[in-house]
Every structure is written in C-alpha cells, then in structure tokens.
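# A predicted structure for the sequence below; I have some questions about it.
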Amino acid sequence: MDEKKPITIIGCGPGSAAHLTEEARQCAAGADIMIGSQRLLDLFPRHGGEKIVEGVNIEKVIREIAARRGKGNIAVLVSGDPGMCSLARPVIRHFGIASCRVVPGISSVQLAFARVGLDWYGAKIVSAHAADPSADFSPYLNEDKIAVLGGRTESAAWMRRLAASLGGGRVLYVCENLGLPEEKVAAVNPEELDGGAIGSLAVFLLVRKELLE
C-alpha cells in the first residue's frame, strides 16, 4: 500500500496517437490503473494494467480513483489539455494538489488556431460544451479572437447568436474532429449553423477579418 503515489492526470490531446506527447506515453506506460473514456483508453492498446471506462461522470471517476488509491499508480486520461475544461479540476479539488501530477496535452483550442494559421495569444475562450454561457454578449464586443468549445446542438445555436450579435467584420470557423482522420475546418456563415449537423468534438472560432489579412 502506498498512499503517497500521485494520481497522474494525463492530457491526451484531441484523441489521436499522433498528438500524444512523449511524457503522456511514458506516464501511461507506468500506470497500473487507467481511467478514462473508451476513446482515450484505446490510445494505449498495449497497456496491460486495469482499464476503467468512465466518461465525463465526475462523481463516478472520483469514486473509482478513491477505491483504488494505494493499489498502484493511477492515471486519469482527459482529452485535450488538463488545464482546459477537463476532469482535472474536480479531481485535484477532491484529492488535493499534492496528490496529483498533471501532464499537459495539446488542447483543441490550440489546434484550432493552428489550423487557421493564427496564434491564440489573448483569445477569449468560452465553454458551451455542457451548458450555454450567458446570453449577454456585450463582454465579447471588443474581443479580437473568440474560441467556443461546442459539442451540442444548443452550443451551435448559442454560437450563431453570438456571431449575429457581434455583427460583421469577423470570420466564423467550425473546427470538427481536430487531429482525427475525419477532421474538418471550414469558414461558414452563422446562418449555416441552424440545423446543421455539428459533431460532438467541435470548436468554433470567431476572428476579426483584419487578423487574417
């Protein structure tokens, strides 16, 4: 029994082996127990330890970790970067900073800006993944670059309303399945988000046109 072994939270990037860092691979290889979605667990097919399939149910993930503490090295797999709207925050809050080690990964926002050829310094990042942000769009009026984490039909609708509220002079990108074989990045009109089939792995970018010149 070794209660002092940290819980390693591994950022797995967008979910493709090509975007895993070497540090992530090494930490996964040293884990006795891995917890994550099936999609992320599949990134480590040769892992011989225990694999626990858990998606975004935070309470279940914490219970699974708590039940196995002291039984081996535990790795929690999260998509993107642990610092970007992931399970890392509730896990660290529950078990404490001293009990957790964080391994960074490539975030979907980082990848989205790379795909359109822009830096993301100063970008306003908003999550509409689990629920709609505020309908008050005034805080975004002076933003040059806005990234919105989507994933729901409602988040696409919120994105459309945001783009419409801010008016012209901006380009809206829909970035889907970044880093995966079915990746798609397209500049669209806000109206095209109405009723469109947007995948669950989607990031929207809203960028002032002059930054693209």
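Received the coordinates, thanks. Numbering: from 1, shown residues only.

# residues in contact with the residue positioned nearest the centre of the chain?
With distances taken as CA atoms, centre = their mean, the chain has residue 80 as the residue nearest its mean C-alpha position (4.1 Å). Taking CB atoms under 8 Å, 6 or more residues apart in numbering as the contact definition, residue 80 lies against 11-14, 86, 105-109. Backbone N, C-alpha and C define where each C-beta goes, glycine included.

# rerun that using 10 Å as the cut-off
Contacts for residue 80 (CB atoms under 10 Å, 6 or more residues apart in numbering) come out as 11-15, 19, 86, 104-111, 149, 178-179, 201, 203.

# Low-confidence regions, this structure specifically.
Along the chain, the model assigns pLDDT under 70 to residues 1-4, 195-196.

# which residues of the protein fall in helices?
22-29, 38-41, 58-68, 88-95, 108-116, 153-166 (DSSP state H).

# Now tabulate those in a markdown table and tack on distance to residue 193.
Output for these, formatted as a markdown table (distance: least, CB to CB, whole Å):
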| stretch | distance to residue 193 |
| --- | --- |
| helix 22-29 | 33 |
| helix 38-41 | 25 |
| helix 58-68 | 29 |
| helix 88-95 | 29 |
| helix 108-116 | 16 |
| helix 153-166 | 4 |
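
# Turn the ones you listed into TSV, including distance to residue 135 and mean neighbour count.
Output for these, formatted as TSV (distance: least, CB to CB, whole Å; neighbours: other CB atoms under 10 Å):
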stretch	distance to residue 135	mean neighbour count
helix 22-29	38	16
helix 38-41	32	16
helix 58-68	26	15
helix 88-95	25	17
helix 108-116	22	20
helix 153-166	7	19
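
# Please name the nearest non-neighbouring residue to the residue nearest to the centre of the chain.
Spatial nearest neighbour of residue 80, excluding adjacent residues (CB to CB, 6 or more residues apart in numbering): residue 107 at 4.3 Å.

# What separation is there between that neighbour and residue 88?
Separation of residue 107 from residue 88 (CB to CB, to the nearest Å): 12 Å.

# Overlap of the contact sets of those two?
In contact with both residue 107 and residue 88: 11, 81-82, using CB under 10 Å, 6+ apart.

# What is the nearest of those to residue 28?
Set against residue 28, the nearest of the shared contacts of residue 107 and residue 88 by CB to CB is residue 11 (11.2 Å).

# Can you read off the backbone torsions of the residue nearest to residue 80?
In terms of degrees, to the nearest 10, the main-chain angles of residue 107 are phi -80, psi 160.

# need the contact list for it.
11, 13-14, 79-86, 113, 120, 125, 147, 149, 178, 203.

# Among these, name the buried ones.
11, 13-14, 79-82, 84-86, 113, 120, 147, 149, 178, 203 (16 or more other CB atoms under 10 Å).

# What's opposite residue 77 in the beta bridge?
Going by DSSP bridges, residue 77 is paired in beta bridges with residue 10.

# Oh, that last question was meant for residue 171, not what I typed.
Here residue 171, judged by DSSP bridges, has bridge partners residue 207.
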